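Engineer: Sequence and predicted structure, then a few things I'm wondering about:
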Amino acid sequence: MIATGAAALTRSVRVEEIMGMPISTHVLTGGVPDAETEQSIAACFAELRDIDRVFSTYRADSDISRIARGELTLRDADPRVAEVEAACRAAAIETGGLFSATWNGTFDPTGFVKGWAVESAARRHLAPLLGTVDAVGINAGGDMQLFTAGGSAWVWNVGIADPRHPGQVIATLPVRTGAVATSGSAERGAHIIDPRTGSPARGVLSATVVDASLARADLWATTAVIAGFEDRTWIPRAGTRTGILIADDGRVTRWLDGTSVDVVPPGVLLG
């Protein structure tokens, strides 16, 4: 996904590689970002690196890896681990078991922690900048938490990539303040495991969800992939703003405030 805007503002972008992906901050202002802005961006990246130190499943010394090996308990781990574990348990209940942070008996919050981490760091370090900048956002591998000042005309126009046609956009979603998350098999293959079967989830090529919270948008995008294209019973209870599902066979459905509508290509007759 890419985010653009129509206002005549200067965009300042910073990029760092964290959590195995490029993470970029975007600041929109009428001038050059000041020292306070630069410090806030640096603090945001520092917090994300620290969260990765605690939660990475690729680091042998992370709290998550040590818990998996039985060397550390949830009680003795970094306090953020208990926070995420509680959020994952709540998510499992809310999604009716479509989401789970337990795999082969081991706690693995990988499917939740990225959205939670990026949102937490952005709200703590970037959102307060709105007193001096028009808009600020963060993009973590295509998942975004975006903020716009109340008096600004700026709108983030988020392009949703068409997974069947690389380089093309299937839809554009205008967002002033909110989050956009995408999950699916288009780029990484069938890597999302259905906790009900233990097998890779199939049927959804791409699921994009828009919500106020990136943690929730990411959660429900993952849930959408696990549920499959035919099961949309989760949409009304998710409470997300809007979204779009693209099936493996090219079918498309969108929803707004819990109501889904199948998108039919021009020239196709119904009934």
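Structural biologist: Yes, it's here.

Engineer: Can you show me the strands along this structure?
Structural biologist: 2-4, 10-18, 21-29, 102-103, 106-107, 135-140, 143-148, 156-161, 169-175, 178-183, 204-211, 242-247, 252-256, 259-263 (DSSP state E).

Engineer: Check which residues of the lengthiest helix in the chain are buried.
Structural biologist: Assignment by DSSP state H gives helix 35-55 as the longest helix of the chain. Residues 37, 40, 41, 44, 45, 47, 48, 51, 52, 54, 55 are the ones in helix 35-55 that count as buried (16 or more other C-beta atoms under 10 Å). All C-beta atoms are positioned from the backbone trio N, CA, C, and that covers glycine.

Engineer: returning to that earlier point: highest mean neighbour count out of the strands of the chain?
Structural biologist: strand 178-183 (a mean of 28; mean count of other C-beta atoms under 10 Å).

Engineer: In terms of secondary structure, what does that one contact?
Structural biologist: When contacts are defined as 3 or more C-beta pairs under 8 Å, 6 or more residues apart in numbering; DSSP states H and E, strand 178-183 sits against helix 110-125, strand 143-148, strand 156-161, strand 204-211, helix 214-227.

Engineer: Check the gap between residue 34 and residue 131 for me.
Structural biologist: 12 Å (C-beta to C-beta, to the nearest Å).

Engineer: Neighbour count for those two, which is higher?
Structural biologist: When neighbours are counted by other C-beta atoms under 10 Å, residue 34 and residue 131 differ, and residue 34 comes out ahead with 13 against 8.

Engineer: If we ignore the residues flanking it in sequence, what's nearest that one?
Structural biologist: Spatially, and ignoring its direct neighbours in sequence, residue 34 is nearest to residue 132 (7.0 Å; C-beta to C-beta, 6 or more residues apart in numbering).

Engineer: per-residue pLDDT, residue 269?
Structural biologist: Residue 269 is assigned a pLDDT of 35 by the prediction.

Engineer: Looking at the strands of the chain, spot the one closest to residue 66.
Structural biologist: Closest approach to residue 66 among the strands of the chain (C-beta to C-beta): strand 106-107, 11.2 Å.

Engineer: and the closest one, how far from the chain's centre?
Structural biologist: With C-alpha atoms, centre = their mean, to the nearest Å as the basis, strand 106-107 stands 22 Å off its chain's centre.

Engineer: Give the pairing partners of that strand; include direction for each.
Structural biologist: strand 102-103 (antiparallel) (DSSP bridges).
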